[in-house]
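**Q** quick one: sequence plus predicted model below, questions after.
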Amino acid sequence: MSLEVASRLDKQMLIDGEWVDADDRTDVSYPYDGSTVGSVPVASAEQVNEAIEAADRAYQESTLSAYERYELLTAAADRLEERADEVSNVVTSEQGKPLSESRTEVDRAVQTLRLSGEEAKRMFGEYVPMDGQKGFAKDHCFTQREPLGVVAAITPFNFPLNLMVHKVGPALAAGNAVVGKPASNTPLSSIVLFECLAEAAEEVDAPDGLVNVVTGSGSTVGDAILDHEAVEAISFTGSTDVGKYLANNSGMKELTLELGGNDPTIVWDDTDIEQAAEQLVGGACSNAGQVCNSVERVLVHETVEDELVDALVDAAESLTVGDPTDDETDVASMVDDDQFQTVVDLFEATVEQGATVEYGGNYGGDLGERVFEPTVLSGVTPEMPAASEEVFGPLVPVIPVSDFDEAIEEANNTNYGLEAGLFTQDIDRGKRAADEIDAGGVNINTVSGFRADHMPYGGFKDSGVGKEGIKYALDHFSREKLVGFHQGFNA
Ligand code: NAP
């Protein structure tokens, strides 16, 4: 099977209802063979300002009701769904993930848009029972939710389509205008998304500028967004370093940060080891391990360590590695040389420090450019790089622990706190993990990588602030106003 990108995708930016170019352009390449698949403009700071100001005008002018915002998002979902095959190819061509995973991503993005449309109709306030305080029996108050204005959405490379929808969908549902900024190595599928949004916006007579997308250097676009006072909210998904930079410079803007992780999954001695192993390998190797909540550390009770390692090897062996366009492929290429080399270095340093390669350990060469084999490592200690750092690659490091106290302590032995998993039949152990693991989500009898698009999702500690998951993101993209009535004033 071959990659069916009709021709080079030389895309433009959407600013104030017009598709526009810039003085400079940058190429986008197919990670599996390095060929150029398209190009995008490199926005100047002035162009980012134009996009923000167009969004601000559109926000002020927009009279879209909740029902019309539902129609807009539903129409965009319809358009994306009609283009699903094409967009799946675009995702693989710029990101390198297996085509089967790209199809899943497009399907999720369509659902996330539809769910966002539904959520537009549920911006509830609440009645405040004022007579609960002495002397306020003649007062009547309620709250109403209102949009913020301009929301900027900055996204990473690993889910280039669905992570943009996770921001833009709820922001539009709440009645905001948006400026999107996709990652420079994977901007094409986001631009296709904005093509769908722009057509849908026209269908409901939204003002030009309600949806904008700019491409180019993260620091140029990011600084222009930080500096512009019309931007009321920034929703960022990406590395902890950039997240901290935004946190330190965003002043009074609303900020949502979905950052890195080093997620543990605990395997206890009372569980089905074979089934757990299959999920663990799947959770570590999906998208070649380039997933924020992938299985990064396996903490196993020492009495079942050997059994688990054997089962992990079997599960890793069953995966097909290589060409992303082959329907059989489970693990394909990493997005670029930097990501690939970082994983190679972390792997080599971990082996040098004494870890044993139980399966895998090959990379590049005949496997394909930037392809790293699913790799099971035993004898890993918490200090080794594959355990102590976020690894955006298909490594499965196994760390033995002797009791549940140690398992919890090791799970928390990281600056991150995104998600965690635990396999056990013991409900008390499950509740302890839920209470004591310091992460935004604790998943019992599944891996850390568990996620549905409408559930609250977001980490603690260096993994970020705020939640995504449509309704939860919508809360960040809207504000609560109190309205009070005094009864009897004109009597
Ligand atoms: P990244 O390097 O931080 O880039 C993310 C986005 O930020 C890109 O669009 C990038 O633009 C932009 N950017 C770079 N410098 C910026 C600046 N100074 N101001 C504003 N924006 C700037 O992250 P990545 O390597 O693409 O993604 C991997 C990271 O994302 C991992 O740590 C992963 O765990 C995390 N992640 C977290 C979640 C979650 O939900 N918690 C989900 C997915 C990924 P350029 O591409 O132009 O540099």
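**A** Received, thanks.
**Q** check whether the longest helix along the chain contacts the ligand.
**A** Longest helix of the chain, by residue count under DSSP state H: helix 99-120. No - Helix 99-120 stays clear of the ligand (Cβ under 6 Å from any ligand atom), getting no nearer than 12.1 Å. C-beta coordinates here come from the backbone N, C-alpha and C atoms, glycine included.
**Q** now the closest residue in space to residue 167 that isn't next to it in sequence: how far from residue 478?
**A** Ranked by Cβ to Cβ, 6 or more residues apart in numbering and with sequence neighbours excluded, the top spatial neighbour of residue 167 is residue 153, at 3.6 Å. Counting by Cβ to Cβ, to the nearest Å, the separation of residue 153 from residue 478 is 15 Å.
**Q** who's more crowded, those two?
**A** Neighbours were tallied for residue 153 and for residue 478 using other Cβ atoms under 10 Å; the higher tally belongs to residue 153 (28 against 22).
**Q** in three-state terms, label residue 179 for me.
**A** Here residue 179 is strand, with the state taken from DSSP: H, G, I helix; E, B strand; the rest coil.
**Q** how about the residues of this protein by the ligand?
**A** Residues of the chain lying near the ligand (Cβ under 6 Å from any ligand atom): 154-158, 181, 183-184, 217-219, 222, 237-239, 242, 245, 258-261, 292, 390, 418, 459, 464.
**Q** quick revisit: tell me the bridge partners for the residue nearest to residue 167.
**A** residue 180, residue 235 (DSSP bridges).
**Q** just checking, it touches residue 179?
**A** Yes - in this structure, residue 153 is within contact of residue 179 by Cβ atoms under 8 Å, at 7.2 Å.
**Q** next, count neighbours for residue 278.
**A** Close neighbours of residue 278, defined as other Cβ under 10 Å, add up to 16.
**Q** and for the nearest residue to it once chain neighbours are set aside, the neighbour number?
**A** For residue 278, ignoring the flanking residues on the chain, the nearest one in space by Cβ to Cβ, 6+ apart is residue 315 at 4.9 Å. Residue 315: 24 surrounding residues under other Cβ under 10 Å.
**Q** so for residue 56, what's the pLDDT?
**A** For residue 56, the pLDDT comes out at 98.
**Q** by contact count, what packs against whichever strand or helix holds it?
**A** According to DSSP states H and E, residue 56 maps onto helix 45-61. In terms of contacts (3 or more Cβ pairs under 8 Å, 6 or more residues apart in numbering; DSSP states H and E), helix 45-61 is packed against strand 13-15, strand 150-154, strand 177-181, strand 211-213, helix 218-227.
**Q** change it to 6 Å
**A** If you count contacts as 3 or more Cβ pairs under 6 Å, 6 or more residues apart in numbering; DSSP states H and E, helix 45-61 packs onto strand 13-15, strand 150-154, strand 177-181, helix 218-227.
**Q** which outside residues touch that helix?
**A** Among residues not part of helix 45-61, those counted as contacts by Cβ atoms under 6 Å, 6 or more residues apart in numbering are 15-16, 149-150, 177, 179, 207, 209-210, 212, 214, 220-221, 224, 228, 230-231.
**Q** that helix vs strand 150-154, what angle?
**A** Calculated by axes from the mean of the first three to the mean of the last three Cα atoms, to 10 degrees, helix 45-61 forms an angle of 130 degrees with strand 150-154.
**Q** any buried residues in helix 45-61, and which?
**A** The neighbour-count check on helix 45-61 (16 or more other Cβ atoms under 10 Å) flags 45, 47-59 as buried.
**Q** can I get it in PDB, CA atoms only?
**A** The C-alpha trace of helix 45-61 is given here as PDB (Å, rounded to 0.1, in the frame of the first residue of the first chain):
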ATOM      1  CA  ALA A  45       4.800  38.500  14.400                       C
ATOM      2  CA  GLU A  46       2.800  41.100  12.500                       C
ATOM      3  CA  GLN A  47       0.700  38.400  10.800                       C
ATOM      4  CA  VAL A  48       0.100  36.800  14.200                       C
ATOM      5  CA  ASN A  49      -1.200  40.100  15.500                       C
ATOM      6  CA  GLU A  50      -3.400  40.500  12.400                       C
ATOM      7  CA  ALA A  51      -4.900  37.000  13.200                       C
ATOM      8  CA  ILE A  52      -5.500  38.000  16.800                       C
ATOM      9  CA  GLU A  53      -7.100  41.300  15.900                       C
ATOM     10  CA  ALA A  54      -9.300  39.700  13.300                       C
ATOM     11  CA  ALA A  55     -10.400  37.100  15.900                       C
ATOM     12  CA  ASP A  56     -11.100  39.900  18.400                       C
ATOM     13  CA  ARG A  57     -13.300  41.800  15.900                       C
ATOM     14  CA  ALA A  58     -15.100  38.600  14.900                       C
ATOM     15  CA  TYR A  59     -15.700  37.800  18.600                       C
ATOM     16  CA  GLN A  60     -17.200  41.300  19.200                       C
ATOM     17  CA  GLU A  61     -19.400  41.100  16.100                       C
END
